[in-house]
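Undergrad: fold the following, please.
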Amino acid sequence: MTYAYKHLLTASLRIALLAALGGLLGGLMFGWTAMFVVTTAIVFGGFAYHAWKLSQLHIWLGSELRAADLPDGFGIWGDVLSDLYRLIRQQRTEQQALTNSLARFQQAATALPDGAVMLDNENSIVWCNPAAEIHWNISLTNDRMQTITYIVRTPEFIAFLAARNLGESLTLKFSQPFGANSSREVSLAVQLVGFGEEQTLLLSRDISERERLERMRTDFVANVSHELRTPLTVMAGFLETMHETDIASGAKPELLKRSLNHMSQQTERMQRLVDDLLALSRLEDAQNKLAESVIDMQGLVQASVNDAGVMSGGRHKITTALAPVWLMGNRDEVSSLVSNLVSNAIRYTPDSGTVNVGLEMLPAVEGQSGGDLVFSVSDTGEGIAADHLPRLTERFYRVDRGRSRASGGTGLGLAIVKHVLGRHGGRLEIQSSQGSEDHGSTFRAIFPASRA
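TA: So this is what the prediction gives:
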């Protein structure tokens, strides 16, 4: 029983007693005995009724406030109870609407790819969405009401918060835990938005991928420029020599032939580069739909091995173990994949080395009618250091730039292989070892069982 209710009930009883006492004194003084009895009964009964209604109202207010349990009443009590229930129902409706709005806001904020952290006037974390937890490596459960600068201690960020330059952005770069024992470099674009009374919304966007793509674009332009400049410089030099040489007055035919051969080689190099760039552009074009057919993989790989034998000129031992398998895919793209892997093995395997080419169907796993199709190329070359392996499929990435160019490669072969496999739902596995008797590399192009 609340203090207000007790106070109201006590006051009502006091009034009833005073009224009864007044009636008693009046009756004694003026002889109004009958009037006293009637007055006392009416007053005391009226206040007893009000006290009873107050008691019912108090009990109802402490319950679930259901309409069926609302006390009955007439007169002023009917109006009071009706108005009270209407106000309670209106409050419930408004509260439910507010709850629904809050739930929708939280759902929308949770789905946002950008991070959002609500900070109070002391930069303590009031709320954040899941993206912000990832961006800042925080936990709303554990870090609520923690000052964010105790968690993010980057001096640039602390100064940015202190300056409170609303609307301005800051790019932060830092290492973030990734996996059990590793980390990754992260770039965040950060902005502050003010709202309420001295409250701040800290917005963050992960621009790491955008910056990586920008670096790739810059590197791509630089690499293409360099790759084209080199053969053009060579050709320009030979043309200048030929221009300065009076062929009609006794220039040596051997010099002319050698110059033309060099220019022809550089022209072929540029042609290969342009062809690979065009092929890569087509593979990266999302509008380029995959035209599929059934491919005789044994015949396709054998043709590529025959071309590799001509390229090797007998300097390598090439062995094959090709199973009669078929693949559903784009013949031109798969042929490019096979050719790139086989020709790379020939280029980077020393004379008298061995190149093994394999084609097999793996055993079926549970729930599948067949296994994955695997095309593999192994060589006995020098091998590749482990720190280079993750980047081998980047455009123009070379372990040994001078050797790669001398061998005639464009630096785009493995990038093409990666994209072909991606379009066919496959994957590329690379293993390599250095400095041991079993040195060399193995490239395995794995196509899913659904295509075999």
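
Undergrad: which SSE is the closest residue to P130 other than its chain neighbours in?
TA: Spatially, and ignoring its direct neighbours in sequence, P130 is nearest to T110 (5.8 Å; C-beta to C-beta, 6 or more residues apart in numbering). Using the backbone N, CA and C atoms, a C-beta is placed for each residue, glycine as well. Using DSSP states H and E, T110 sits within helix 76-111.

Undergrad: contact partners for I416?
TA: Residues in contact with I416, defined by C-beta atoms under 8 Å, 6 or more residues apart in numbering, are 276, 279-280, 283, 336-337, 340.

Undergrad: confirm that it sits in a strand.
TA: No. Under DSSP: H, G, I helix; E, B strand; the rest coil, I416 falls outside any strand and is assigned helix.

Undergrad: picking up where we left off before, out of the contacts of I416, who's the most crowded?
TA: L337 (28 neighbours; other C-beta atoms under 10 Å).

Undergrad: please name the residues that touch that one.
TA: Contacts of L337 (C-beta under 8 Å, 6+ apart): 375, 416-417, 420-421, 445.

Undergrad: can you give me the neighbour number for L192?
TA: Neighbourhood size, L192 [other C-beta under 10 Å]: 19.

Undergrad: before we move on, which element is it in?
TA: Here L192 is assigned to strand 182-195, by DSSP H and E.

Undergrad: name every strand pairing with that strand and say which way it goes.
TA: If you go by DSSP bridges, strand 182-195 pairs up with strand 169-178 (antiparallel), strand 199-206 (antiparallel).

Undergrad: which one of these lies nearest to A386?
TA: If you check each of these against A386 by C-beta to C-beta, strand 169-178 wins as the nearest, at 18.1 Å.

Undergrad: give me the buried stretch members for the closest one, please.
TA: Within strand 169-178, the residues scored as buried using 16 or more other C-beta atoms under 10 Å are 170, 172.

Undergrad: verify the stated contact: W136 with Q146.
TA: No. Counting by C-beta atoms under 8 Å, W136 does not reach Q146; the two are 11.1 Å apart.

Undergrad: which of these two has more neighbours?
TA: Between W136 and Q146, W136 has the larger neighbour count (other C-beta under 10 Å), namely 23 against 14.

Undergrad: quick one, strands of the stretch 201-350 of the chain?
TA: Assigned by DSSP state E, counting those that start in this stretch, the strands in the stretch 201-350 of the chain fall at 293-296, 317-322, 326-329.

Undergrad: pLDDT weak spots in the stretch 151-300 of the chain?
TA: In the predicted model of the stretch 151-300 of the chain, residues 177-182, 242-252, 255 satisfy pLDDT under 70.

Undergrad: which residues in it form helices?
TA: 155-163, 208-244, 253-284, 297-312 (DSSP state H, counting those that start in this stretch).

Undergrad: against which helices or strands is the longest one packed?
TA: If I follow you right, that is helix 208-244. Counting contacts by 3 or more C-beta pairs under 8 Å, 6 or more residues apart in numbering; DSSP states H and E, helix 208-244 is packed against strand 182-195, helix 253-284.

Undergrad: output the ones you listed in CSV; the columns should cover distance to R347.
TA: Listed next are the helices and strands packed on helix 208-244 as CSV, based on distance: least, C-beta to C-beta, whole Å:
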stretch, distance to R347
strand 182-195, 33
helix 253-284, 12
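
Undergrad: for P350, find the nearest of the ones you listed.
TA: Across those, the minimum distance to P350, taken as C-beta to C-beta, is reached by helix 253-284, at 21.8 Å.

Undergrad: report the central residue of the chain.
TA: Note on the chain: the residue nearest the mean C-alpha position is P113, at 7.8 Å, using C-alpha atoms, centre = their mean.

Undergrad: spit out the contact partners of the nearest residue to it once chain neighbours are set aside.
TA: Using C-beta to C-beta, 6+ apart and skipping the chain neighbours, the partner closest in space to P113 is A131 (6.1 Å). A131 makes contact with 112-116, 204, according to C-beta under 8 Å, 6+ apart.

Undergrad: tell me how many other residues crowd D120.
TA: Look at D120: counted by other C-beta under 10 Å, it has 15 neighbours.

Undergrad: how close does it sit to A131?
TA: 20 Å (C-beta to C-beta, to the nearest Å).

Undergrad: equivalent analysis for A97, please.
TA: Computed with C-beta to C-beta, the distance linking A97 and A131 is 27 Å.

Undergrad: and for Q431?
TA: 37 Å.

Undergrad: could you do A445 as well?
TA: Going from A445 to A131 by C-beta to C-beta gives 36 Å.

Undergrad: with V365 instead?
TA: In terms of C-beta to C-beta, V365 sits 36 Å off from A131.

Undergrad: cool, L322 as well?
TA: Applying C-beta to C-beta to L322 and A131 gives a distance of 49 Å.

Undergrad: cool, L119 as well?
TA: On the measure of C-beta to C-beta, L119 and A131 end up 16 Å apart.

Undergrad: again, but for G409
TA: Going from G409 to A131 by C-beta to C-beta gives 42 Å.
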